[in-house]
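K.L.:
Here's a sequence, model it:
(one chain, ligands or ions: 3)
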Amino acid sequence: MTLRLPVLVHTPAHSQLAGPLTYLSEQALAAGTLVRVPLGKRELLGVVWESPTDRASSALDPEKLRPLVGTLDGIAPLTLAWRQLVMFAANYYQRSAGEVALAALPPQLRDLNTPQLARRLKRHAKTTGADLPNNPVAIDSVALTEEQMGAIARFDLEVGPFLLFGATGSGKTEVYLHSVQQLLSRDPSAQAMVMVPEINLTPQLEARFRARFNPLYGDNAVVSLHSGMTPAQRLRSWLAAHSGVARIVLGTRMAVFASLPKLKLIIVDEEHDPSYKSQEGARYSARDLAVYRGWLEGAKVLLGSATPALESWYHSRPANEGGRYVRLEMPSRIGANAALPTTGGGFPLVRRVDMNHQPKKCVISPPLLDAIVQRVARGEQSMVFLNRRGYAPVLHCADCDWKSECPHCSAYRVFHKIDRTLRCHHCGFAERVPRACPACGNPDIAPLGRGTERLEEHLAELLANVRRPNSVSEQWSEGEPVRIARIDADSTRLKGELESQLARVHSGEVDVLVGTQMIAKGHDFRRITLVATINPDGALFSSDFRAPERLFSLLMQAAGRAGRDAGISGRSEMWLQTFHPKHPLFEALKRHDYPAFAAQQLKEREQAAMPPFSFQALVRAEARTQDVAQGFLTAASAAAADMIDVEHLTPHITLYPAVPMTIQRVANVERAQMLIESPSRAALQRFLTAWQAVLHATRQQPEGKGLIRWAVDVDPLAI
Ligand code: ADP
Ligand code: ZN
Ligand code: ZN
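P.N.:
Ligands and ions are numbered 1, 2, ... in the order given. Here you go, the predicted model:
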């Protein structure tokens, strides 16, 4: 007998084939089974899916149905919970289920032919199950602090989800390790997932997990999943997780879709980090999906941060005020000498330099320079960061006012002195720096503003006469020049460069480290006692309402880089150069008072009806002209107005006018966007789902002519 099976394949996001396709099969196959199916002339990977409820498929002409090619033998079907997660993500983020499901599977499942895949599976079977110690004993390598024990006790007792609000260096990682260890020793098949924002920046975490768990559960106990892996590595990790051999999956946001049939615990470290939100395809938030997945699977969820996202913080308000998350607090730094009056609990002292009272146009103020020189003399390290790479953001001709605009984008090309190029950071267009102004021939074109490259050069000039102290073994009487290193996306482009530069910092070879926010995150620097930010003011007055939140968390994290070694934490300092030293954000930072900062921000957000007090979505449109991009959005918006009436959503949905995006042209494509807002998440969801059809239809009308693409971004991070 021949059966009809619904199979999910990767259909393009905007084809109207949003649901599963129907194929013929000689045998019944369980939902979740991986299969190969024909589509047109190609053969695709697919997942047997639940039958669609709307019966649309039964209308298909049976003559046209094609049989599936075969199943992927040796791989168990994906679980119901996994399929539900995919359906939820697709519905919530307004994409097709096929796109979400197939993007979540390792690409090699799709690309390898049947014999190749069979070989991989055989190899996989060989490496698993071997050399497990037959009696794993739980050993804690450290004695937990009282705060850690308190957090773990509540974590054990309550259901969650949990927000672990723990200062940098309070020992959150130890809490993660401990809760994973408890779970695995209690339940011989349980699996845990640990998510980190950027795995390249956190090899230390991976090392800590392997060191703790490989001796107990074998070499395959911990596997990683992130985009930096080769397709073969990804397949291996995925199979290990899917087959239950891997007990812990450590990964970036993509790991939230990993197949873990025995998932019992999900940890999201640095849960506030913007990189948990995908910026392409289905624009999902891995943090939010983790919470949902925990609920689906009956797994505990632990979000951790020193500066939680305001959404998470708000969810963790007391239950009697409507909070849904359990807040666990660990306010103190490990090994802090709380008795030191200046530092309060081992946190660096925050010093604000009022730039209104410093020499005009100075980049490094005299007191900051002095503080750096003192560090050098003591053999300690300093870190100076600036959120702009390259030498200067613009090249300028004072005679005719020419600026280094990108011919393809509405942005300036950045001057990189190292290879003498002008490079557009938006489209990648690069050219040699012209010898003279291309508009008027003036040979005197000058850089405006500064990036990390120029800051490094400037610091080298300022510190030219300073000498490092002599070490006993060195015979130079003079001492050596100060060593400056720069870490940013440019200096770490080649594989292995970041690691080797970090190693130089750790070994003490470097005195002053210059970089972008890349150096402010996560690294466990032991000997840095001064962290300085040159110009943080921009974010105070940004049009992006989330800018202050991001700045506060960046500065708190950066401050956390200073004085992690208990022996020198007493004199560690964080320096801010600002024209607004009395700004409440800096006042809160000085007291290391995230709750005060959050309370003030939430008050402003509530008054302005901003998230988390309202819910947002953006539709973005791209076209050759701004008129077409905006015209499409305006037409779809007009059509939506009627629909809102019919759906009785009138009081709940606000559609704002279409506007150009902040950088409105990138690579010769004009970009426009439209904001949709609602006080109710459910109403917004209902509207977006109904509106999909309108957007598709608008594209077919005259208003859609010339449109390149459009996409919906639910809960956007940047507006
Ligand atoms: P966080 O993740 O909160 O920034 P970590 O977990 O990295 O903090 O801990 C900071 C440092 O304190 C690490 O070097 C860690 O090994 C150490 N540490 C954590 N817990 C303890 C403990 N209970 N006793 C001693 N040292 C600890
Ligand atoms: Zn000129
Ligand atoms: Zn460009």
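
K.L.:
so where is this structure shaky, pLDDT-wise?
P.N.:
12-18, 52-63, 126-141, 199-202, 336-346, 470-478, 522, 563-570, 646-647 (pLDDT under 70).

K.L.:
got the contact list for the most centrally placed residue in it?
P.N.:
Using CA atoms, centre = their mean, the residue of the chain that lies closest to the mean C-alpha position is residue 275, 1.1 Å off. Contact partners of residue 275, counting by CB atoms under 8 Å, 6 or more residues apart in numbering, are 197, 198, 252, 253. In short, each C-beta sits where N, CA and C put it, glycine included.

K.L.:
Please report the distance of the closest residue to residue 5 other than its chain neighbours from residue 576.
P.N.:
In this structure, residue 5 finds its nearest non-sequential neighbour in residue 25, 4.8 Å apart by CB to CB, 6 or more residues apart in numbering. Separation of residue 25 from residue 576 (CB to CB, to the nearest Å): 65 Å.

K.L.:
Just send the contacts of residue 275 back as TSV, with secondary structure, distance to residue 518 and neighbour count too.
P.N.:
Formatted as TSV, the contacts of residue 275 follow (DSSP: H, G, I helix; E, B strand; the rest coil; distance: CB to CB, whole Å; neighbours: other CB atoms under 10 Å):
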residue	secondary structure	distance to residue 518	neighbour count
197	coil	12	21
198	coil	9	16
252	coil	15	21
253	helix	18	25
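
K.L.:
Out of the residues you listed, which two sit at the greatest distance?
P.N.:
Pairwise distances across those (CB to CB) peak at 9.7 Å, for the pair 198 and 253.

K.L.:
domains in this structure, as residue ranges please.
P.N.:
Under the assignment automatic domain parsing, the domains of the chain span 3-105, 146-330, 344-389+452-607, 391-450, 615-714.

K.L.:
Rebuild those domains as CSV, extending it with distance to ligand 3.
P.N.:
As requested, those are exported to CSV (distance: least, CB to the ion, whole Å):
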stretch, distance to ligand 3
domain 3-105, 25
domain 146-330, 18
domain 344-389+452-607, 16
domain 391-450, 3
domain 615-714, 6
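
K.L.:
To residue 123, which of those domains lies closest?
P.N.:
Comparing the domains of the chain under CB to CB, the one sitting nearest is domain 146-330, at 8.5 Å.

K.L.:
close to ligand 1, is the closest one?
P.N.:
Yes - against ligand 1, domain 146-330 shows contacts by CB under 6 Å from any ligand atom at 148, 166, 168, 169, 170, 171, 172, 173, 174.

K.L.:
Contacts only, for the nearest residue to the second one once chain neighbours are set aside.
P.N.:
So the one you mean is residue 166. Once flanking residues are discounted, residue 166 sits nearest to residue 330: 3.6 Å by CB to CB, 6+ apart. Taking CB under 8 Å, 6+ apart as the criterion, residue 330 is in contact with 147, 148, 151, 164, 165, 166, 167, 170, 171, 172, 175.

K.L.:
One more pass at 7 Å, please.
P.N.:
Going by CB atoms under 7 Å, 6 or more residues apart in numbering, residue 330 touches 147, 148, 151, 164, 166, 167, 170, 171, 172.

K.L.:
Filter those residues down to just the ones in helices.
P.N.:
Among the contacts of residue 330, DSSP state H puts 147, 148, 151, 172 in helices.

K.L.:
Kindly provide the distance from the residue lying closest to the last one once chain neighbours are set aside to residue 304.
P.N.:
Closest residue to residue 172 in three dimensions, ignoring its sequence neighbours and counting by CB to CB, 6+ apart: residue 166, at 4.4 Å. Distance of residue 166 to residue 304, given as CB to CB: 6 Å.

K.L.:
ditto for residue 419
P.N.:
According to CB to CB, residue 419 and residue 304 sit 40 Å apart.

K.L.:
out of these two, which sits in the busier spot?
P.N.:
Set residue 419 next to residue 304 and count neighbours by other CB atoms under 10 Å: residue 304 wins out with 24 against 10.

K.L.:
In a strand, the more buried one, correct?
P.N.:
Yes - assessed by DSSP: H, G, I helix; E, B strand; the rest coil, residue 304 belongs to a strand.

K.L.:
Which parts of the stretch 51-200 of the chain are helices?
P.N.:
Ranges of helices within the stretch 51-200 of the chain are 80-92, 97-103, 107-111, 114-127, 146-157, 172-186, based on DSSP state H, counting those that start in this stretch.

K.L.:
can I get those in a markdown table with mean neighbour count?
P.N.:
Below are the helices of the stretch 51-200 of the chain laid out as a markdown table (neighbours: other CB atoms under 10 Å):
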| stretch | mean neighbour count |
| --- | --- |
| helix 80-92 | 19 |
| helix 97-103 | 23 |
| helix 107-111 | 16 |
| helix 114-127 | 13 |
| helix 146-157 | 16 |
| helix 172-186 | 20 |
